[in-house]
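> I'll drop the sequence and a predicted model, then ask my questions.
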Amino acid sequence: MRQAERLSFILERLATSGAVGVVELAAALNVSTASIRRDLQVLSDQRLLSRTHGGAIAHGVLYELPLRYRSSKNEPEKSQVAAEAADRVTEGMSVGLTGGTTTTKVARAIAGNRQLTVVTNSLSIASELAVRQDLKLVVTGGVARSSSYELVGPIADRSLADINLDLAIVGVDGIAAEAGLTTHHEIEAQTNRVLIDRAAHVIVVADASKIGKVAFARICEVGRVDELITNESADKTAVAALAQAGLRVTMV
């Protein structure tokens, strides 16, 4: 197994359990404890974890994996959600897309639509769509976040203030009835909120792992959203609470 794959595994284990041990990681990955200690030091140097005696602990709530370390373990689920969301897009629409792995899949799915205007603060989505001649691409300004490849902050917010969108498709790190839509970073949450406020219709795309979860920063309440698209495997209690809060939930 390559080191990048081991680092991704370690960060994902931290995201679910909050702490990892050298011995357990070595056994799970079938490598030496020396290799695991080197991996933990690499992640510690990047301030992605804190070393402890015999292992490491994660920081914060719903630990954020930097884009370069995110695995594709939920790839089929995200693809299903993205395909359903893409069906909501028709030619001639103005569509806003926040950053994220699922919204990037949506961008790929709608790229063939003619006379489409896409507005995004995602550098990843912008790079995917820049070569498409049949659509108009509008990219916000702002400060680039290295973890998410999104442009955020006051410059991004101001560039969104004077536009009107038919539809906003929003990725989140968590969505729950009481906490609403949440993400890891407060400035990113603010820019996403501005994008939502400029849209006539708002859809959240979130694979089952995000349902019922709460991240650090609130984007908005669920009442500001028209529809959630998620997977059939999503937690039924959390889905029922979202539906009871008035959110239309589509499960694929």
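Great, that's in hand.
> alpha carbons only for contacts and neighbour counts from here, please
Noted.
> Low-confidence regions, the stretch 101-250 of the chain specifically.
Along the stretch 101-250 of the chain, no part satisfies pLDDT under 70.
> where along it do the strands fall?
116-120, 135-139, 143-145, 150-152, 167-171, 174-176, 180-183, 202-205, 217-220, 227-230, 248-251 (DSSP state E, counting those that start in this stretch).
> could these go into TSV alongside mean neighbour count and distance to Ser50?
As requested, those are exported to TSV (neighbours: other C-alpha atoms under 10 Å; distance: least, C-alpha to C-alpha, whole Å):
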stretch	mean neighbour count	distance to Ser50
strand 116-120	23	34
strand 135-139	18	36
strand 143-145	16	21
strand 150-152	25	25
strand 167-171	25	28
strand 174-176	26	24
strand 180-183	26	22
strand 202-205	24	32
strand 217-220	23	22
strand 227-230	24	33
strand 248-251	17	38
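> Return the per-residue confidence for the residue nearest the centre of the chain.
In the chain, the centroid-proximal residue (C-alpha atoms, centre = their mean) is Gly100; its distance is 3.8 Å. What the model reports for Gly100 is a pLDDT of 90.
> so it touches Ile169, yeah?
No: using C-alpha atoms under 8 Å as the test, Gly100 is too far from Ile169 to be in contact (10.6 Å).
> max-length helix in this protein?
helix 3-17 (DSSP state H).
> And that helix, what does it pack against?
For helix 3-17, the packing partners by 3 or more C-alpha pairs under 8 Å, 6 or more residues apart in numbering; DSSP states H and E come out as strand 19-21, helix 33-45.
> Next, the angle from the longest one to helix 3-17.
Direction vectors for helix 33-45 and helix 3-17, defined by axes from the mean of the first three to the mean of the last three C-alpha atoms, to 10 degrees, enclose an angle of 70 degrees.
> pull the CA atoms of helix 33-45 into PDB?
Only the C-alpha atoms of helix 33-45 are listed here, as PDB (Å, rounded to 0.1, in the frame of the first residue of the first chain):
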ATOM      1  CA  THR A  33       5.000   0.100  13.400                       C
ATOM      2  CA  ALA A  34       8.000   2.100  12.300                       C
ATOM      3  CA  SER A  35       6.100   2.900   9.000                       C
ATOM      4  CA  ILE A  36       3.000   4.000  11.000                       C
ATOM      5  CA  ARG A  37       5.100   6.200  13.200                       C
ATOM      6  CA  ARG A  38       6.500   7.900  10.100                       C
ATOM      7  CA  ASP A  39       3.000   8.300   8.700                       C
ATOM      8  CA  LEU A  40       1.800   9.900  11.900                       C
ATOM      9  CA  GLN A  41       4.700  12.300  11.900                       C
ATOM     10  CA  VAL A  42       3.900  13.300   8.300                       C
ATOM     11  CA  LEU A  43       0.300  14.200   9.300                       C
ATOM     12  CA  SER A  44       1.500  15.800  12.500                       C
ATOM     13  CA  ASP A  45       3.900  18.100  10.500                       C
END
